[in-house]
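Visitor: I'll drop the sequence and a predicted model, then ask my questions.
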Amino acid sequence: MTSRETRQAFLDHFAQRGHTIVPSAPMVVKDDPTLMFTNAGMNQFKDLFLGNRPVKHKRVADTQKCLRVSGKHNDLEEVGIDTYHHTMFEMLGNWSFGDYFKKEAIQWAWELLVDTYRIDPADIYVTYFGGDANDKLPADEETRQLWLKYLPEGRVLPFGRKDNFWEMGDTGPCGPCTEIHVDVRTAEEKRQRPGHELVNNDHPQVIEIWNNVFMQFERKADGSLVTLPAQHVDTGMGFERLCMVLQGKRSNYDTDVFQPLIQALAKLCGKRYGQEEKGDIAMRVIADHLRAISFAIADGQLPSNTGAGYVIRRILRRAVRYGYSFLGLDRPFIHALVAELAEQMGAQFPELRKQQQLIESVVLEEEKAFLRTLEQGTKRLEQLLKEGRGDLAGDKAFELFDTYGFPIDLTQLMAREQGRDVDMEGFDAELRKQKDRSRAATAVTTGDWVELAKGETLFVGYDELSTTAHILRYRKVSGKGGDQYQVVLDRTPFYAEGGGQVGDQGWLVHGGERIAVTDTKKENNLIVHFTKELPQEVGAAFTAEVDASRRALTARNHTATHLLHHALRKHLGTHVEQKGSLVAPDRLRFDISHFAKVTPEELAAIEREVNDLIGDDLVFEDLRNVPIDEARAMGAMALFGEKYGDKVRVVKFGPSVELCGGTHVPRTGVIGPFRIVAESALAAGIRRIEAITSVEAERMIAGKLAKLDAIAALLKNPADVVAAVEKLVEQNGLLAKEVEKAAREKVRSLASSIPAKAKANAKGVKVLVERLDLDAQGLKDLGFALREQHSDLALVAGSVIDGKPLLAVSLGKAFAEATGLKAVDIIKQISPEIKGGGGGQPDFATAGGKEPGGMANALKKAEALLG
């Protein structure tokens, strides 16, 4: 059975049993502060388990793209080494939200595996929760009895909390689980050792393929468990492992999920897969990492130096490094494999084909950048190995890792090639210090929710800026910035950060008390209001009041981004797609897919277009609860990396039609002037436009006019200010040339006259130490002239320009040979006298400093050194 057939058979199996088949959520998580990436199939349903969103479909199934590289589920270092760990993987899952429970889940799992997939029951082992004394939980006897209907007792195995009690995190829904394992060893291997001894023992051929979690409890912040009001089923089956079993392979990487990528890579590097262990590991790593990188970029996450972007950059660089170290690939290559991935998986995940060109461009630029980094790191490592003896110090290895992104195992490999080792204890100590610093900076303690009333939040912020509200729940959060509170209301006008728009600020008012709301965010579908203090009467009725001025400015900028998006597509082409945005009260930022710099002429045309649309005073058409297919038929722009429901909100301003949940102006005329202030490259194929509107644009225009008036006044108010400035620039250029000419003449004069002051030293060569009135360029020109004319002469010159001391050392070839001295060594010894530092070459070096009073001592020290 092919991988495509395997996936479809799973979805069909559960569709026939009343499950709604839903699409995969984006791999990049946007509204859950506890996650960067979707790391399990249940993530997109987390708010349902928490009771933050009503259940629409009680039975659901899907295939979810997941990524595991950091935190609790960290599989990165195992990837490629073993046969079954991955960064990006598909999780086949079925869910019940308060509907069926253990009996049906186990029965339908058995029917799929044995009746549909034809897995031999003799190869199946299952585990169940054996109880936990600390949590005072008995063994899950119900699950055990259900499995005994299908399997003998020797293949129904109890395990403890570590293996068979699933938890979402430190707090939240949790419960016992039953795992299904399959033994794919040969008959001979099975005779030598029974499979039950290898279950949960990290054996590559006795592996878990499916986990059925029975959500029964909620873990509180104090560690206690409370029973959930409704019981749920949450299952996840590793697609790649399942394909290995069904295709009779010994490794996930030998299936048709990975082999097309591996064979394309083998052709690229001129090696055969299966011939050499290190090369095979490298090919597996690259094939796996290519998938993770491509899906992340397709979902809108670009590589960067922080957060989720850093994770993607780290994965990409790990792949480059394996190709560089073990496959001889010292040129960009990963981008060339994207087409094969899109061909293989594009039918199930169309975003790969849609975003293929962008993925290739971003990956190519990242590869080029990291290969340059590897080159710099290699030079630095060679320098460190030359400077020291014995093991390479741990702090130096960490410098390579932290500053150059140089992998530690590559440092070890290159050190071993020169017969040296790396102090790994020292390296690990430095790494721990860095992690501790990072952990301390982001440490947050979150308390349990204190629930005052049941219910859901009604958002009224599209129509109201003030409303009467009650607190449903609140909790305390402590972090580096001090304590704050998160408050959930039954009714709110506050817009929660989303779609690039910042969250509202405002107040909760009761009587004479006015509690400031500093931010509003969404967490697992909850609208959360952030405050520095709690109201004195948490059960009172409050007036929830949005800062109207701030909201109005934000709305102007949000509507302006829609008009900008339309103008960009009109003037640059319909290939332009939004790749990110920021909508704040004082500015807007818009990232787009475009493969060239936007020219000044194009920017001017785009700016005119937006201002024309503002001038047309287009009326806001706010279309809510529109069926998604109907919205698309209207031409509404949808964004990749966003998950939309069956009903959406369409925001229309004349020709601009978008799916959007943000706040907007009633008509475009209130936006005021629109000005583009910057255009730059964010990444390969991604351009960033920054703009301002309204008050900020008026302030900028007024500021520029004031500067223009000031310039005109300085020029005696000429009729044409630009022409007057052009004439002034021309005159200044002529004067600058005269100054340069005079400086060159001064150097020539000194070069012919000053050598007469030189004195012979003990080695029979000449030394000249002088304080001169020359700038840095003059000192350099004089030093070069004297080196050419007087090979046996050494010049040490000092100068003070605008209160800043300068030193220069120039050594002729004959002088250097006679004395063995180097200019760079001399400058390092004398520059501390002027509280400075410098560098250079063996024959010429310079230094700048902060203490001009030390010049005499510096020159005196130079005379002693040159003797």
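Guide: Alright, I've got the coordinates.
Visitor: so for stretch 111-125, what's the average pLDDT?
Guide: Mean pLDDT, computed over stretch 111-125, is 97.
Visitor: Distance from the chain centre to it, please.
Guide: Here the centre of stretch 111-125 is set off from its chain's centre by 41 Å, with C-alpha atoms, centre = their mean, to the nearest Å.
Visitor: Just the C-alpha atoms of that stretch, please, in CSV.
Guide: Taking C-alpha atoms only, stretch 111-125 is exported to CSV below (Å, rounded to 0.1, in the frame of the first residue of the first chain):
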residue,chain,number,x,y,z
GLU,A,111,-10.7,-2.8,12.7
LEU,A,112,-8.5,-0.3,10.8
LEU,A,113,-5.2,-2.1,11.6
VAL,A,114,-6.4,-5.7,11.2
ASP,A,115,-9.3,-5.5,8.7
THR,A,116,-8.3,-2.6,6.5
TYR,A,117,-4.5,-2.5,6.7
ARG,A,118,-4.1,-6.3,7.2
ILE,A,119,-1.5,-6.1,9.9
ASP,A,120,-1.0,-9.6,11.5
PRO,A,121,-2.6,-9.6,15.0
ALA,A,122,0.3,-11.7,16.1
ASP,A,123,2.6,-8.7,15.6
ILE,A,124,0.5,-6.3,17.7
TYR,A,125,1.2,-5.4,21.3
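Visitor: So which residues make contact with that stretch?
Guide: 1, 6, 9-10, 13, 150-151, 155-157, 180-184, 195-196, 199, 206, 210, 242, 245-246 (C-beta atoms under 8 Å, 6 or more residues apart in numbering). The C-beta positions use only the backbone N, C-alpha and C, and glycine is treated the same way.
Visitor: In helices, which of these appear?
Guide: Judged by DSSP state H, the contacts of stretch 111-125 include 6, 9, 10, 13, 242, 245, 246 as members of helices.
Visitor: In CSV: these, plus distance to residue 760, neighbour count and pLDDT.
Guide: CSV is the format used below for the ones in helices among the contacts of stretch 111-125 (distance: C-beta to C-beta, whole Å; neighbours: other C-beta atoms under 10 Å; pLDDT from 0 to 100):
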residue, distance to residue 760, neighbour count, pLDDT
6, 89, 21, 97
9, 94, 15, 97
10, 91, 23, 98
13, 97, 21, 98
242, 87, 27, 97
245, 88, 22, 96
246, 90, 21, 97
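Visitor: Those residues: which two are farthest apart?
Guide: 13 and 245 (15.9 Å; C-beta to C-beta).
Visitor: Show the residue spans covered by the helices in the stretch 251-400 of the chain.
Guide: Assigned by DSSP state H, counting those that start in this stretch, the helices in the stretch 251-400 of the chain fall at 259-269, 277-298, 307-326, 338-345, 351-354, 356-387, 394-404.
Visitor: same thing with the stretch 51-200 of the chain?
Guide: Counting by DSSP H, counting those that start in this stretch, the helices of the stretch 51-200 of the chain are 102-110, 141-147, 161-164, 187-192.
Visitor: Sketch out the low-pLDDT regions of this protein for me.
Guide: For the chain, applying pLDDT under 70 flags the ranges 31, 70-75, 442, 640-641.
Visitor: I'd like the next helix or strand past the helix or strand harbouring residue 830.
Guide: Using DSSP states H and E, residue 830 sits in helix 823-830. As assigned by DSSP H and E, the chain's next helix or strand after helix 823-830 is strand 837-840.
Visitor: could you dump that following strand to CSV, C-alpha only?
Guide: C-alpha atoms of strand 837-840 as CSV (Å, rounded to 0.1, in the frame of the first residue of the first chain):
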residue,chain,number,x,y,z
GLY,A,837,43.4,50.0,20.3
GLY,A,838,44.2,49.2,16.7
GLY,A,839,45.5,46.7,14.2
GLY,A,840,46.8,46.2,10.7
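Visitor: so what strands line up beside it?
Guide: Strand 837-840 has the following strand partners under DSSP bridges: strand 844-848 (antiparallel).
Visitor: contact partners of the strand it pairs with?
Guide: Identification of contacts with strand 844-848 by C-beta under 8 Å, 6+ apart yields 776, 779-780, 783-784, 787, 804-811, 823-824, 826-827, 830-831, 834, 836-840.
Visitor: Just the buried ones among the residues you listed, please.
Guide: 779-780, 783, 787, 805-811, 823-824, 826-827, 830-831, 834, 836, 838, 840 (16 or more other C-beta atoms under 10 Å).
Visitor: burial count for residue 712?
Guide: 15 (other C-beta atoms under 10 Å).
Visitor: before we move on, what about the one 3 residues further on?
Guide: Using other C-beta under 10 Å, the number of residues around residue 715 comes to 14.
Visitor: For it, give its distance to residue 368.
Guide: 47 Å (C-beta to C-beta, to the nearest Å).
Visitor: re the thing from before, can you redo the helices of the stretch 51-200 of the chain as a markdown table with distance to residue 596 and mean neighbour count?
Guide: Listed next are the helices of the stretch 51-200 of the chain as a markdown table, based on distance: least, C-beta to C-beta, whole Å; neighbours: other C-beta atoms under 10 Å:
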| stretch | distance to residue 596 | mean neighbour count |
| --- | --- | --- |
| helix 102-110 | 52 | 19 |
| helix 141-147 | 60 | 18 |
| helix 161-164 | 54 | 17 |
| helix 187-192 | 58 | 11 |
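Visitor: what does stretch 680-700 rub up against?
Guide: 302-303, 357-358, 361-362, 364-366, 553, 556-557, 560, 564, 568, 579-580, 586-595, 597-598, 671-679.
Visitor: for the closest residue to residue 548 other than its chain neighbours, what are its contacts?
Guide: Setting aside the residues directly before and after it, residue 548 is nearest to residue 465 in space (C-beta to C-beta, 6 or more residues apart in numbering), at 5.2 Å. Contacts for residue 465 (C-beta under 8 Å, 6+ apart) come out as 493, 545, 546, 548, 551.
Visitor: and residue 576, what does it touch?
Guide: Residue 576 touches 565, 568, 569, 592, 593, 594, counting by C-beta under 8 Å, 6+ apart.
Visitor: hang on, the earlier thing: show me how to select, in PyMOL, the buried members of the contacts of stretch 680-700.
Guide: Applying 16+ other C-beta under 10 Å to the contacts of stretch 680-700, the buried members can be selected in PyMOL as follows:
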select buried, resi 302+303+358+361+362+364+365+366+553+556+557+560+564+568+579+580+587+588+589+590+591+592+593+594+598+671+672+673+674+675+676+679
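Visitor: from the contacts of stretch 680-700, which ones fall inside helices?
Guide: 357-358, 361-362, 364-366, 553, 556-557, 560, 564, 568.
Visitor: What distance do you get for residue 365 to residue 598?
Guide: Taken as C-beta to C-beta, the span from residue 365 to residue 598 is 18 Å.
Visitor: follow-up on the earlier one: farthest pair in the ones in helices among the contacts of stretch 680-700?
Guide: 364 and 553 (39.5 Å).
Visitor: coming back round to it: for residue 190, state which of the ones in helices among the contacts of stretch 680-700 is nearest.
Guide: For the ones in helices among the contacts of stretch 680-700, the residue nearest residue 190 by C-beta to C-beta is residue 366; the value is 45.7 Å.
Visitor: Tell me who's in contact with the closest one.
Guide: 303, 313, 316, 317, 684.
Visitor: any idea how far residue 557 is from the spatially closest residue to the last one that is not a sequence neighbour?
Guide: The spatially closest residue to residue 684, leaving aside those adjacent along the chain, is residue 365, at 3.4 Å (C-beta to C-beta, 6+ apart). As defined by C-beta to C-beta, residue 365 lies at a distance of 30 Å from residue 557.
Visitor: do the same with residue 539
Guide: With C-beta to C-beta as the criterion, residue 539 and residue 557 are 37 Å apart.
Visitor: Alright, I will stop here.
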